[in-house]
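1. the following comprises the amino acid sequence and a computationally predicted model.
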Amino acid sequence: MTDSDGKPHQGSAAPDGEPGYADRVYRSVPGVISGVLLLAVAGWLIVDAALNGTGKTPYVSLAAVPLFAFPVIAYTLRPAVLANDRRIVVRNPWRTITAPWAAVDALRAGYSVELLAEGKKYQVWAVPVSLRQRKRASQARQRGGDQHVSRMGVVFGNRPSTPEVQGSSDPTRAWSDQVTGVLQEMAERNASRPDATGPVVVRWCWWIIAPTLVGLAALITVIAV
């Protein structure tokens, strides 16, 4: 694995003799933090309801656990982008898309980040677009001040607060635009590799879907009985 800024660690050699690298990992830190907080608050409320509730309340609260917990995990903790010199893996809330670089047409960041592969479009949940951050980055460039960006996005003087992405050609851009740029460069650089070929594979995340459906069925049963 790598740091949250996507810095790679050198691994085993690639088939063509060039050094191989472990996955670069990109995910939304605010999303992870919000997911942890939501689970913590919900856990406290559910435990309180199960211990102190009356009538059907304890049963309803327990039945609601998977119905609430797994979607929260899906939308906050699970999304991530993993990329190496062979392929990109996009973990979205309900699906995982694995695309060899040769199958990738482009990556683009508009109002959301999208992966275009084999004529299809996939949204990249792990890299949310912040229009406010993009506007701040644009204003900072227009001011023409000190354009240095710290890795943690700390503001010093008139420096912009955009986090720097390892390998980005323009660290003054918004974080989502930097990540998209780095991934696009990886796609262009590695598309001709012999080990970067193959079809796009899309898999449903059943360990999220199945417990959610079971929780829904349990909650309906408890309420109806």
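-> Ah, there it is. Numbering: from 1, shown residues only.

2. for the helix ranked longest in the chain, packing partners?
-> Ordering each helix of the chain by length in residues (DSSP state H) puts helix 29-52 first. Packing partners of helix 29-52 (3 or more C-beta pairs under 8 Å, 6 or more residues apart in numbering; DSSP states H and E): helix 57-72. All C-beta atoms are positioned from the backbone trio N, CA, C, and that covers glycine.

3. that older thread, buried residues in the longest helix of the chain?
-> For helix 29-52, the neighbour count (16 or more other C-beta atoms under 10 Å) marks G31, V32, G35, L38, L39, A42, I46, A49 as buried.

4. poorly predicted segments of this protein, please.
-> 1-21, 144-162 (pLDDT under 70).

5. kindly recompute the last result at 50.
-> Along the chain, segments meeting pLDDT under 50 span 1-4, 7-19, 145-160.

6. helices of that one, start to end?
-> Secondary structure of the chain (DSSP H): helices located at 29-52, 57-72, 131-143, 175-190, 206-224.

7. mean neighbour count, those: which tops it?
-> Most buried of the helices of the chain, by mean neighbour count (mean count of other C-beta atoms under 10 Å): helix 175-190, with a mean of 21.

8. find the nearest non-adjacent residue to A102, please.
-> T197 (4.5 Å; C-beta to C-beta, 6 or more residues apart in numbering).

9. what about V32, distance to L39?
-> According to C-beta to C-beta, to the nearest Å, V32 and L39 sit 11 Å apart.

10. before we move on, what about K56?
-> Applying C-beta to C-beta, the value for K56 to L39 is 24 Å.

11. do the same with V29
-> 16 Å.

12. next: V127.
-> 22 Å.

13. quick one: contacts for the spatially closest residue to T57 that is not a sequence neighbour?
-> Nearest non-adjacent residue to T57, counting by C-beta to C-beta, 6+ apart: A49, 5.5 Å away. Each residue near A49 by C-beta atoms under 8 Å, 6 or more residues apart in numbering is listed here: T57, P58, V60, S61.

14. what's near enough to touch the residue nearest to R108 when sequence neighbours are not counted?
-> Excluding its sequence neighbours, the residue lying closest to R108 (C-beta to C-beta, 6+ apart) is E114, at 5.5 Å. By C-beta under 8 Å, 6+ apart, E114 lies in contact with L107, R108, K121, Y122, Q123, V124.

15. any figure for the gap between the residue of the chain most remote from its centre and R134?
-> Ranked by distance from the centre of the chain (C-alpha atoms, centre = their mean), the top residue is G55, with 40.7 Å. According to C-beta to C-beta, G55 stands 51 Å off from R134.

16. same question, D48
-> 41 Å.

17. from the contacts of A49, which is closest to R193?
-> Closest approach between the contacts of A49 and R193, by C-beta to C-beta: S61, at 51.9 Å.
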